[in-house]
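Enquirer: Need a 3D model of the following:
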Amino acid sequence: MKPLLAALVVPAAVLFASPAHADRDSYMQYIRDHQINTSVAPETKVFMMGIQACDMMRQGVRAEEFSAPLSIVDVHGIVNAAQHELCPETLGGPK
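Expert: Below is the predicted model:
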């Protein structure tokens, strides 16, 4: 009976574990450490921009394709921070 319990508990732990790099605090610290211009956007919005960038890159958009015409926000800096702290699997190009 114990091996069966272990067989059920381990997959559940893996299924519900958070990704290693999906960390809001380290992402925001990266933004601050690299002095990335987020204008006056609240932290929640800056974090959501990172999450959206990751989602788009996972769907095939390359980091170089992001742009925000007439924006004072450092879009490339935000994308770079997202890649390093939220979705590092997007670094290194297509596989």
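
Enquirer: Buried residues in the helix or strand harbouring Met28, which are they?
Expert: Per DSSP states H and E, Met28 falls inside helix 24-33. By 16 or more other C-beta atoms under 10 Å, the buried positions in helix 24-33 come out as 27-28, 30-31. In this view, the C-beta of every residue, glycine as well, is placed from N, C-alpha and C.

Enquirer: For Val75, the count of nearby residues, please.
Expert: Using other C-beta atoms under 10 Å, Val75 has 17 neighbouring residues.

Enquirer: Mind telling me what element the nearest residue to it once chain neighbours are set aside is part of?
Expert: Distances taken as C-beta to C-beta, 6 or more residues apart in numbering place Ala68 nearest to Val75, at 4.5 Å, with adjacent residues excluded. Assessed by DSSP H and E, Ala68 sits outside every helix and strand.

Enquirer: per-residue pLDDT, Ala68?
Expert: Note on Ala68: pLDDT of 78.

Enquirer: hang on, the earlier thing: counting by contacts, list what the helix holding Met28 packs against.
Expert: Under the contact definition 3 or more C-beta pairs under 8 Å, 6 or more residues apart in numbering; DSSP states H and E, helix 24-33 sits against helix 43-58, helix 75-85.

Enquirer: Point to the residue nearest the middle of this structure.
Expert: Nearest to the geometric centre of the chain sits Leu86, at 2.4 Å (C-alpha atoms, centre = their mean).

Enquirer: if I look at Asp74, how far off is Gly60?
Expert: Taking C-beta to C-beta, to the nearest Å as the measure, Asp74 falls 23 Å from Gly60.

Enquirer: higher neighbour count, the two?
Expert: Applying other C-beta under 10 Å to Asp74 and Gly60 shows that Asp74 carries more neighbours, namely 18 against 8.

Enquirer: That one contacts Asn37, doesn't it?
Expert: Yes - Asp74 is within contact range of Asn37, at 4.2 Å (criterion: C-beta atoms under 8 Å).
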